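> After the sequence you'll find the predicted model.
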Amino acid sequence: MTEQITMQSPMPGVFYRRPDPDEDLFATEGDFVEAGDVIGLVGVMKNFHDITAEQSGTITRYFVDNESEVDAGQDLVEIEISE
């Protein structure tokens, strides 16, 4: 049985899929991530909040692009959890 969880933005800001413009993406669709892995950042006025996977699983979808403005509670990424 599989379950989908959706990670939301904890605050309004800009969503980043990479730690720095010259670095690789944290993760892409199809990647397996462990609970606690950073899968994105939300930046507000040069302060960055890590978005971490709540559970281990496979990223099935990013709902927003890199450097997109997001609202608090907006869906960011979906992870498929295998049980």
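It's in. What you see is a predicted model; the values in this text were computed from it and never measured.
> Nearest residue to residue 11 in space, ignoring adjacent ones along the chain?
residue 72 (5.1 Å; CB to CB, 6 or more residues apart in numbering). Quick note: C-beta positions are derived from backbone N, CA and C, even for glycine.
> I'd like the distance between the one you found and residue 7.
Using CB to CB, to the nearest Å, we find residue 72 at a distance of 13 Å from residue 7.
> quick one: low-confidence parts of the chain?
Along the chain, segments meeting pLDDT under 70 span 1, 83.
> Please enumerate the strands of it.
2-8, 13-16, 32-33, 38-44, 47-52, 57-62, 68-70, 75-82 (DSSP state E).
> Now tabulate those strands in CSV and tack on mean neighbour count and distance to residue 23.
Shown next, in CSV, are the strands of the chain (neighbours: other CB atoms under 10 Å; distance: least, CB to CB, whole Å):
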stretch, mean neighbour count, distance to residue 23
strand 2-8, 13, 21
strand 13-16, 19, 10
strand 32-33, 16, 17
strand 38-44, 18, 12
strand 47-52, 15, 13
strand 57-62, 18, 17
strand 68-70, 15, 18
strand 75-82, 18, 18
